[in-house]
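J.: Turn this into a model:
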Amino acid sequence: MPELRYDAISGQAVIVAVERAARPFTVAPADDTLSVPSDCPFCSGSEAMTPPEVHRTGDGSADTLGWRVRVVPNLYPIVGPAADAIARGAPDGDHSRHGTVTPATGAHEVVVLSPDHHASFGRLDDRGATEVLTVIRDRVRHHLASGHSYVQAFVNQGRAAGASIAHPHAQLVALDLVPPAVETGVERFLAARADLVARELSDARRDGLVVVDGPALAWSPFASGTPYGMRVAHRSTRARFDEATDAEVGVVAVALRDALSALHALLGEPAYNVVLRSAPPDRPAGEFHWYLDVLPRTGVVAGFEQGTGILVNVVPPEQAATQLRDASAS
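T.: Residues are numbered from 1 along each chain as shown. Prediction:
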């Protein structure tokens, strides 16, 4: 019988269609022979094809060879600089027959994970994974210190997850507002007067849902809205990612890499999103606990989901956790 579950952290309603787990399970083999396009703007040697870089790790001067992780402005940004909005005389809270109109201001950057065209996060070594997540933390710090209200970090891996360029990369969008979903997430922690991540983590250990164990863990949420979805978090209770220490970032990076490596081993090369969940600065956050969501794109959010707001997961998280652990061990 399908089960209706509610995610304690997000409040999302999910139907877990347990009986559909009896369908045959197939694994798509990874293709390691893919060629590298000559016009990839994120490959080493193509530095002139991007806007001037704003940060790098590795050797060499800006926009030259020798980098390990490279950060550049997004050529097609979701938001624009506040200075441009002012210069253009953009409306500030104007009301029209369609609703309120305000400039969407902020900054949008791309973090190229590696010069290697095939080095997705799950294929990085310990040093590479730690370096990438540390760069992301430092850029979040930079944008918050510059006066932005919130910074959303994420990875879109694969076309089905929203990536337009195949070369693995992360993105940061600095916003001049706190997004409604972030406000709602913090409010749930405040209302619970508890660390919901730590509570779920404890339950996951009890129920056999842990995929990666250690100082930081990856687990299958009890009410995962997507097949093989995972959460990754440090055991500590820090609310903001930008305040995480180097040591905390390092163990979370390795746990995330191991979780994605297990996903690759099980499903081949699925499209997925990795989404950072962090508390905004300068406001009460209760016992909020920053974490990462890993959201494989193995299905389609169709009419039922759009109409009801209820997600459907055809792979029970209990089964997914077992399969991911087995794949990681093989």
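J.: What are the phi and psi values at the residue lying closest to Phe121 once chain neighbours are set aside?
T.: Counting by Cβ to Cβ, 6 or more residues apart in numbering, Leu260 is the residue found nearest to Phe121 once chain neighbours are left out, at 5.4 Å. Using the backbone N, CA and C atoms, a C-beta is placed for each residue, glycine as well. Main-chain dihedrals, Leu260, degrees, to the nearest 10: phi -70, psi -30.
J.: which outside residues touch the helix or strand hosting Val132?
T.: Secondary structure from DSSP states H and E places Val132 in helix 126-145. Contacts with helix 126-145, where a contact means Cβ atoms under 8 Å, 6 or more residues apart in numbering, come from 55, 57, 68-69, 71, 106-107, 109, 111, 113-114, 119, 121, 124, 151, 153, 170, 172, 174, 241-242, 244, 246, 249-250, 252-254, 256-257, 276, 278, 281.
J.: could you say what helices and strands the strand or helix carrying Val211 packs with?
T.: Assigned by DSSP H and E, Val211 belongs to strand 210-212. When contacts are defined as 3 or more Cβ pairs under 8 Å, 6 or more residues apart in numbering; DSSP states H and E, strand 210-212 packs onto strand 216-219, helix 246-267, helix 317-329.
J.: Local confidence estimate at the nearest residue to Arg257 once chain neighbours are set aside?
T.: Once flanking residues are discounted, Arg257 sits nearest to Ala129: 4.1 Å by Cβ to Cβ, 6+ apart. We have a pLDDT of 98 for Ala129.
J.: For burial, what's the neighbour tally of Ala129?
T.: By the other Cβ atoms under 10 Å criterion, the neighbourhood of Ala129 contains 25 residues.
J.: Distance check, it against Arg123.
T.: Per Cβ to Cβ, to the nearest Å, Ala129 is found 9 Å from Arg123.
J.: Also Ala192?
T.: Shown here: Ala192 relative to Arg123, a distance of 37 Å by Cβ to Cβ.
J.: Where does the prediction get shaky in this protein?
T.: For the chain, applying pLDDT under 70 flags the ranges 20-35, 83-99.
J.: mind redoing it with 50?
T.: The chain contains residues with pLDDT under 50 at 23-33.
J.: Tell me where it has helices.
T.: Remark: helices assigned in the chain by DSSP state H are 82-87, 126-145, 180-192, 196-206, 246-267, 303-308, 317-329.
J.: Relative to Gly286, which of those helices is closest?
T.: Nearest of the helices of the chain to Gly286, taken as Cβ to Cβ: helix 180-192 at 4.1 Å.
J.: Could I get the buried residue list for the closest one?
T.: Val182, Gly185, Val186, Arg188, Phe189 (16 or more other Cβ atoms under 10 Å).
J.: hey, where'd the strands end up in the stretch 1-150 of the chain?
T.: With strands called from DSSP state E, counting those that start in this stretch, the stretch 1-150 of the chain shows them at 3-6, 13-16, 55-58, 67-73, 94-96, 99-101, 106-112, 150-157.
J.: I'd like the distance between Gln152 and Leu124.
T.: Distance of Gln152 to Leu124, given as Cβ to Cβ: 22 Å.
J.: These two: which has the busier surroundings?
T.: Neighbours of Gln152 and Leu124, each counted by other Cβ under 10 Å, are more numerous for Leu124; the result is 24 against 20.
J.: right, and the more buried one touches Arg257 too?
T.: Yes. Between Leu124 and Arg257 there is a contact at 5.7 Å, judged by Cβ atoms under 8 Å.
J.: circling back to that earlier point, what about the residue nearest to Arg257, distance to Cys40?
T.: Noted for Ala129: a distance of 21 Å to Cys40, by Cβ to Cβ.
J.: can you check Ala255 too?
T.: 29 Å.
J.: Tell me which of these two has more neighbours.
T.: Per other Cβ under 10 Å, whichever of Ala255 and Cys40 has more neighbours is Ala255, with 25 against 15.
J.: quick one: contacts for the more buried one?
T.: Ala255 neighbours (Cβ under 8 Å, 6+ apart): Val212, Gly214, Ala216, Leu217, Ala218, Val232.
J.: Is it possible to mark the buried ones in the residues you listed?
T.: So, by 16+ other Cβ under 10 Å, the buried ones in the contacts of Ala255 are Val212, Ala216, Leu217, Ala218, Val232.
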